[in-house]
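Asks: Quick check, what structure comes out for this input:
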Amino acid sequence: DPHSAASLRTRRILRQRSRYEIIENNPYLKGTLLSVCNDFIGSGPKLKITDKNFTSEIRQTIENTFSVWASEILLKHKLWRMRLAKCVDGESFARAYVKKRQRNQVLLNFHVIECDRITSLNLSPGEVKDNEIDGVRFDDYEEPTEYHLLRYHPTYGSYPTGKQSGQWLKEENILHWFRQDRGWLRGIPELVPSLPLCALLRRYTIAVVRHAEIAADFAGIIESDGPPFANPWTDGAGTQTNDDPFDTFPIEKGMITNMPWGYKFKQLSSVPMGVQYDHFTASLLREIVRPMLVPFNIAVGTSKDSNMSSAVVDQHIYKGGQKAERQHCNDFILDKLLYLWWYEAIRIPGYFGSLGITLPDNPPVHSWRWDKVGIDHTDPVKVANSLKIYRDNYMMTDRAIQEKHFNRDYEEWKQELEDEKEFRDSLSPQQQESNFNKDEDDEDDD
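Replies: Numbering: from 1, shown residues only. Have a look, this model is predicted:
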């Protein structure tokens, strides 16, 4: 059943192996995960109020107010940590709390905690009873209602007397993010299918290095078709002596050695490096990073073996994965976080300034804007021309280009255009020509 498949004992073993491979021992996976997390978060999510019941000024005021609070609590960095933990540990948690020394009037903040601290003390590792599984209480529809948070990490040295217990927290104060492949209520690491292959890749690399070291230690090998102890050797007086099959003797550099009758001198076979090694490790890496929807050029950090079209096309699956991951974050983390912030913000007099309206109890209709993932083309001229064609044929509006392609606020962009036009109109023709030449000189210097 799903709960047994994701029991405490199973998740603990998988977490340890996943942390060992991804965080501590595999440079490919560590670099890939950093790329995934950095591309996922970008400059951070931006709130976009789309409720038509509000004027554009009110919508922008709400967006700016939320942005200031998000910067205050370092929301971008906490989401980055949660995305990394979701992949490595299988799940990530954040706890809502009040930070009294906060500069913002809304004292709400979030503490990212490791999943090891969400666990039950009164259940055995695989036990489920009374609608409770490891650290989670749930209703008849398996919707979480409470989470049990330990005061300290389970392996945090020696506990102070009486401090090893925890407390049950309501579900609305906990952000729990994981991928629910089955009906389990706790997540498992996302790279579980790849963990055995990580060990295989490490074993192959070590074997190749060991082979190279042995080849470097042995200058050559003497082989014979005859049996051992056949008296082919003679000492300095010409007396025959028995040979030793595993004996060694030094060979002077630049000298030719004369072998006895029936013996041949050869070197070890070449070490399987170069193309053969690259092909084998590349095949393993493609299979290892496949659950992360990462193309090969991102996993290895280079597109030297691909042309431009392949490098761009291979990223379509990666972009789709990041888009789905962001939507998942919107539903499970950001919408819930916005609700908690809104609940506090509307109860603080003057927090939004003088809007002239009564704000509703629930957050207004909204969406979340993220940075664009990947590139459409390496030639910026071709990208600009394609956007121009879309705009001229009314396939994309200026708002869509600014907000969806460049992730810029449309109103701010319009204000910048107006300010720039006013500034240029204030210049004399000679000043405009001088500024134009100066811009060209700056480009040449760059």
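
Asks: any weak-confidence spans in this protein?
Replies: Low-confidence segments of the chain, defined by pLDDT under 70: 125-126, 156-164, 215-263, 265-274, 376-378, 430-446.

Asks: all strands of it, in order?
Replies: 46-49, 91-98, 108-113, 132-133, 136-138, 144-150, 166-170, 174-178, 221-224, 233-234, 240-241, 263-266, 366-369 (DSSP state E).

Asks: Which among those strands is found nearest to Q415?
Replies: With distances scored as C-beta to C-beta, the stretch of the strands of the chain nearest to Q415 is strand 46-49 (16.8 Å). C-beta coordinates here come from the backbone N, C-alpha and C atoms, glycine included.

Asks: by contact count, what packs against that closest one?
Replies: Contacts defined by 3 or more C-beta pairs under 8 Å, 6 or more residues apart in numbering; DSSP states H and E place strand 46-49 against helix 56-72, strand 366-369.

Asks: Just send the ones you listed back as CSV, with mean neighbour count and distance to R95 too.
Replies: Shown next, in CSV, are the helices and strands packed on strand 46-49 (neighbours: other C-beta atoms under 10 Å; distance: least, C-beta to C-beta, whole Å):
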stretch, mean neighbour count, distance to R95
helix 56-72, 17, 17
strand 366-369, 16, 22
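
Asks: mind putting the ones you listed in CSV, distance to L359 included?
Replies: CSV is the format used below for the helices and strands packed on strand 46-49 (distance: least, C-beta to C-beta, whole Å):
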stretch, distance to L359
helix 56-72, 9
strand 366-369, 13
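
Asks: out of the strands of the chain, nearest to H328?
Replies: Each of the strands of the chain has some distance to H328 by C-beta to C-beta; the shortest is strand 174-178, at 7.7 Å.

Asks: hmm, back to that, to T358, which of the helices and strands packed on strand 46-49 lies closest?
Replies: With C-beta to C-beta, the closest approach to T358 among the helices and strands packed on strand 46-49 belongs to helix 56-72: 11.6 Å.

Asks: quick revisit: of the strands of the chain, which is nearest R347?
Replies: strand 108-113 (11.3 Å).

Asks: got the angle between that closest one and strand 91-98?
Replies: Put simply, strand 108-113 runs at 150 degrees to strand 91-98, going by axes from the mean of the first three to the mean of the last three C-alpha atoms, to 10 degrees.

Asks: list the buried ones in strand 108-113?
Replies: L108, N109, F110, V112, I113 (16 or more other C-beta atoms under 10 Å).

Asks: Contacts only, for the last one.
Replies: Contact analysis of I113 by C-beta atoms under 8 Å, 6 or more residues apart in numbering lists F93, A94, R95, L149.

Asks: The third one now?
Replies: F110 makes contact with I73, L75, K78, A94, R95, A96, Y97, L175, L337 under the criterion C-beta under 8 Å, 6+ apart.

Asks: and these as a markdown table, adding distance to T50 and neighbour count?
Replies: Below are the contacts of F110 laid out as a markdown table (distance: C-beta to C-beta, whole Å; neighbours: other C-beta atoms under 10 Å):
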| residue | distance to T50 | neighbour count |
| --- | --- | --- |
| I73 | 24 | 19 |
| L75 | 20 | 22 |
| K78 | 25 | 21 |
| A94 | 26 | 23 |
| R95 | 30 | 17 |
| A96 | 25 | 19 |
| Y97 | 30 | 12 |
| L175 | 23 | 23 |
| L337 | 18 | 23 |
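
Asks: quick check, nearest of those to P363?
Replies: L337 (10.2 Å).

Asks: is it true that the closest one touches L175?
Replies: Yes. Between L337 and L175 there is a contact at 6.8 Å, judged by C-beta atoms under 8 Å.

Asks: export the contacts of F110 to CSV and tack on distance to N131?
Replies: Supplementary listing: the contacts of F110 in CSV, determined by distance: C-beta to C-beta, whole Å:
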residue, distance to N131
I73, 33
L75, 33
K78, 30
A94, 24
R95, 22
A96, 23
Y97, 26
L175, 21
L337, 26
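
Asks: quick one: Q60 from D51, how far?
Replies: Going from Q60 to D51 by C-beta to C-beta, to the nearest Å gives 12 Å.

Asks: got it, and Y351?
Replies: Taken as C-beta to C-beta, the span from Y351 to D51 is 18 Å.

Asks: now do M308
Replies: Relative to D51, M308 is positioned 42 Å away (C-beta to C-beta).

Asks: D314 too?
Replies: Distance, D314 to D51, by C-beta to C-beta: 39 Å.

Asks: Neighbour count for the two, which is higher?
Replies: Neighbour count, other C-beta atoms under 10 Å: between D314 and D51, D314 has more, with 17 against 13.

Asks: Let me see the backbone angles for that one.
Replies: phi -60, psi -20 (degrees, to the nearest 10).

Asks: Touching, it and L293? I think so.
Replies: No. Contact status for D314 versus L293: not in contact, 10.8 Å apart, counting by C-beta under 8 Å.

Asks: where do the contact lists of those two overlap?
Replies: Shared contacts of D314 and L293 (C-beta under 8 Å, 6+ apart): none.

Asks: Could you dump the strands of the chain into TSV with distance to Y28 added?
Replies: Converted to TSV, the strands of the chain look like this (distance: least, C-beta to C-beta, whole Å):
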stretch	distance to Y28
strand 46-49	32
strand 91-98	23
strand 108-113	26
strand 132-133	34
strand 136-138	34
strand 144-150	34
strand 166-170	37
strand 174-178	24
strand 221-224	35
strand 233-234	52
strand 240-241	54
strand 263-266	36
strand 366-369	31
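
Asks: Brilliant, that's me finished.
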